[in-house]
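Asks: Mind looking at a prediction? Sequence and model below.
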Amino acid sequence: MFPSRRIATMGGDKFRDEYSLDFTTDDYIATNFIPNYIHTNATMGMWVKFNTIKEQTMGHHGGKRWYMGINGSAELFMGVQDQHSSSDSIDGGIVANKWFHFVVTAIDGTATFYVDGVAKGTKSYTQDINDNPDEGWFMGARNNNGTAESYMEAKISEVFHYDVGLTASQVRTLYNGREPYNHKEGIATGNLKAWWRMGDGTLDTTRHFTSPVSEGGVVSDESQNSYLGTDLVDDVMNASNWNDWGDNTVELDGGAIKITAVDDGNPSTSGAYFHLRDNDNQLTTDLTIGKVYKVSYQVKVNSGSIFTAIGESGGFSATGNTTTSTSYVNCAIYIMCTSTTDHYFYAGDMAVGEIVYYTNIKVQEVVGNTGVIVNMASNQFSGDTP
């Protein structure tokens, strides 16, 4: 941010946009947000700075379109319900390494693409409730029947959705002369359905570890009051509720779960695990498909390095940190539940004689249309903003 720039104020407090999120290669954000209202008019938009020019879009496809971005020729590319603009040449003046404000409106069968508050082109579509998205809306990529595609290589500062088609004048208001805009206190606030701020949100965080994982930090939806729910885990500090891989011991020691690797022919799977499912009476309630959870814990080792992960039978495996500290460190893993099958909290990669201690294990729902950061290396929030 530049000190000389005008900043919008609300109630005397400065409203700032201080962060963006840098997407590269196969990074994206999965959400449980399903915009199933496109047939009754809608608006979506973002602040974006492309690192390179190639086809890159975000949103939902699967024949039920609601996405936006550019094609490989830097032309504006949108998909709305049963139509898309790949065969249309919509010049938005897009170049790499420059911030642009994108807005797509869908109003009564006509979609309009705006860049920096100016309409650049339209596309006709057929309004049909059966062509609304039916899966989570992705950011940094496009969700095509559960598979991420058309990855973006760009910095994104915010993404927003309204369940109403905004007018040209209202779109210019959102653009706000390139200044930060508070969607929660602006126009059509009653129609604001989602607003992710990419580092400026209440619960926004990336992983603080050094290698990419299947799932990492989160961005919270600022259109509502995002917060952490109550702790769902039950009886986790009971050693008898843990299962070991190989010949290991699990015991309660000084208020912590102590796992000792005794002897195992395959150290890469040596360790122990705890069920995060109600079928073993170890959660007060089952995890719910589509919801996002924060699994937090404190961990230390006696020697060596041990990784901690969350696994879902037939689903994801989300790796936390590889622990080498002999003093407790605070850690967290964020997951989106995608299966009704078992989930595990586990320690692994233990060599004979290594010991790991866990305490303060919690499982909390991240309430709201939370986005889970996928395949992103540590700390890619940036101070580069529009």
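Replies: Alright, I've got the coordinates. Given the structure is predicted, the values throughout are model-derived calculations rather than measurements. Numbering: from 1, shown residues only.
Asks: Quick check: the residue nearest to Leu192 when sequence neighbours are not counted vs Thr288, distance?
Replies: Excluding its sequence neighbours, the residue lying closest to Leu192 (C-beta to C-beta, 6 or more residues apart in numbering) is Ser223, at 4.7 Å. To be clear about C-beta, it is placed using only N, CA and C from the backbone, and glycine gets the same treatment. Shown here: Ser223 relative to Thr288, a distance of 21 Å by C-beta to C-beta, to the nearest Å.
Asks: more neighbours, the two?
Replies: Ser223 (21 against 12; other C-beta atoms under 10 Å).
Asks: The more buried one contacts Lys184, doesn't it?
Replies: Yes. Judged on C-beta atoms under 8 Å, Ser223 makes contact with Lys184 at a distance of 6.5 Å.
Asks: Identify the contacts common to these two.
Replies: Between them, Ser223 and Lys184 share these contacting residues under C-beta atoms under 8 Å, 6 or more residues apart in numbering: 192, 195.
Asks: hmm, back to that, now do the same for the residue nearest to Leu192: helix, strand or coil?
Replies: Three-state call for Ser223 (DSSP: H, G, I helix; E, B strand; the rest coil): coil.
Asks: Now for it: which residues touch it?
Replies: 160-161, 183-184, 192-195, 369.
Asks: Show me where the stretch 1-150 of the chain dips below the pLDDT cut-off.
Replies: Within the stretch 1-150 of the chain, the stretches with pLDDT under 70 are 1-13.
Asks: 50 instead?
Replies: Low-confidence segments of the stretch 1-150 of the chain (pLDDT under 50): 1-12.
Asks: remind me, longest strand of this protein?
Replies: Counting residues, the longest strand in the chain under DSSP state E turns out to be strand 355-367.
Asks: which helices and strands does the helix or strand Ser169 falls within pack with?
Replies: Using DSSP states H and E, the element containing Ser169 is helix 168-175. In terms of contact count using 3 or more C-beta pairs under 8 Å, 6 or more residues apart in numbering; DSSP states H and E, helix 168-175 is assigned the packing partners strand 42-50, strand 99-107, strand 110-115.
Asks: Try it again at 7 Å.
Replies: strand 99-107 (3 or more C-beta pairs under 7 Å, 6 or more residues apart in numbering; DSSP states H and E).
Asks: From Asn302, how far out is Asn375?
Replies: To Asn302, Asn375 is 32 Å away according to C-beta to C-beta.
Asks: brain fart, Thr308
Replies: 15 Å.
Asks: More neighbours: which of these two?
Replies: It is Thr308, of Thr308 and Asn302, that has more neighbours when counted by other C-beta under 10 Å, with 23 against 13.
Asks: where do the helices sit along the stretch 251-386 of the chain?
Replies: With DSSP state H, counting those that start in this stretch, there are no helices along the stretch 251-386 of the chain.
Asks: mind listing the strands in it by residue range?
Replies: For the stretch 251-386 of the chain, the strands defined by DSSP state E, counting those that start in this stretch cover 256-263, 271-275, 292-301, 306-312, 317-323, 329-336, 343-348, 355-367, 371-374, 381-382.
Asks: What residues sit buried inside the longest one?
Replies: Across strand 355-367, burial judged by 16 or more other C-beta atoms under 10 Å covers 355-359, 361-367.
Asks: where along the stretch 1-150 of the chain do the strands fall?
Replies: Counting by DSSP E, counting those that start in this stretch, the stretch 1-150 of the chain has strands at residues 9-10, 13-14, 20-23, 28-31, 42-50, 56-60, 65-70, 76-81, 83-84, 99-107, 110-115, 118-124, 142-144, 147-149.
Asks: So for Ile259, which of the ones you listed sits nearest?
Replies: Across the strands of the stretch 1-150 of the chain, Ile259 has its closest neighbour in strand 28-31 (30.9 Å, C-beta to C-beta).
Asks: which helices and strands sit right next to that closest one?
Replies: Counting by 3+ C-beta pairs under 7 Å, 6+ apart, strand 28-31 packs on strand 371-374.
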